[in-house]
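Student: Structure for this input, please:
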Amino acid sequence: MEKLVKVEKQEKIAVITIDHPPLNVMDQQVVRELKEAFTEIEHDQETVAVILTGAGERAFMAGADIKEFPELMGRTGIKEQFMVNHSVLGYIDHFPKPVIAVLNGLTLGGGCELALTCDLRIAEEHVQIGLPEIKLGLFPGAGGTQRLSRAVGEARAKEIMFTGEPIDAEKAERIGLVNYVMPKGTGLNKAMELAGRITQYSLPALSRMKKAVDDGLDLPLSKGIEREAELFEEVFQTKDIQEGVQAFIEKRKPVFTHQ
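Tutor: Model prediction:
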């Protein structure tokens, strides 16, 4: 069986590409291979940052494979089947390394939900982003109802989901759904440049920073501050902070070993 999710490593950056023509839909093989790819990268000590994108120019991911839906209709007790997808998307969401999504085409349904699990999002100018499930008599079922509202606020998220209409890259940037809008064909270059800047720094600090933000979103401010302090204490035990402080004192560039 041909692989649909491919991994290429360039120095400290891993590029994961979903290559499932024509529209890179999220079927069960893609979900399984995404988990395998991210697991491989998590245990690769050389990789500090990850870029996730789709092959071609038509789609980052145009949603779930609708052809898999008929076998689910009218059945009960299928929550656990849905939770398999949630477990993979949740794993990417809480992945201990920075993850940048390059949206290089249609980013709809499950594709939008996958993009929302990433830390940063870069959209090329021709991109359309949305959650059109309501047009099928459904609603977003891979985390969209939860992650989109956290990203852009309740009212904007509900409008996108209630109408099912996609938004363009410019509006997505305006409402905070994406970090950058780039000309067609240049999103990956921007992601590589951004990832290159990030990978100069200590992975133990980056991973704890990400965890502090993610954990804090689900906590009252006072508890979030306490969680930050716990992780701050942890980072003070690393070799990288010793190197960073010593390099500052010696007025040189630090050489982090991610320990």
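Student: all contacts plus neighbour counts: C-alpha atoms, from now on.
Tutor: Will do.
Student: that's a helix at Val213, yeah?
Tutor: Yes. Counting by DSSP: H, G, I helix; E, B strand; the rest coil, Val213 is found in a helix.
Student: Can you give me the distance of it to Pro132?
Tutor: 29 Å (C-alpha to C-alpha, to the nearest Å).
Student: Tell me which residues of stretch 149-166 come out buried.
Tutor: Within stretch 149-166, the residues scored as buried using 16 or more other C-alpha atoms under 10 Å are 152, 157, 160-161, 164-166.
Student: quick one, which of Val213 and Pro132 is more surrounded?
Tutor: Pro132 (22 against 13; other C-alpha atoms under 10 Å).
Student: What sits closest to the more buried one if chain neighbours are left out?
Tutor: Residue nearest to Pro132 in three dimensions, not counting chain neighbours: Gly164, with 3.9 Å by C-alpha to C-alpha, 6 or more residues apart in numbering.
Student: quick one, what contacts Thr163?
Tutor: If you count contacts by C-alpha atoms under 8 Å, 6 or more residues apart in numbering, Thr163 has them with 132, 134.
Student: Just want the phi and psi numbers for it.
Tutor: Backbone torsions for Thr163, taken as degrees, to the nearest 10, come to phi -90, psi -30.
Student: what's the answer for Ile16, then?
Tutor: The phi/psi pair for Ile16 (degrees, to the nearest 10) is phi -100, psi 130.
Student: Show me what the helix or strand bottoming out on mean pLDDT in the chain packs onto, helices and strands only.
Tutor: Least confident helix or strand of the chain, by mean pLDDT, DSSP states H and E, is helix 79-93 with a mean of 89. In terms of contacts (3 or more C-alpha pairs under 8 Å, 6 or more residues apart in numbering; DSSP states H and E), helix 79-93 is packed against helix 28-42.
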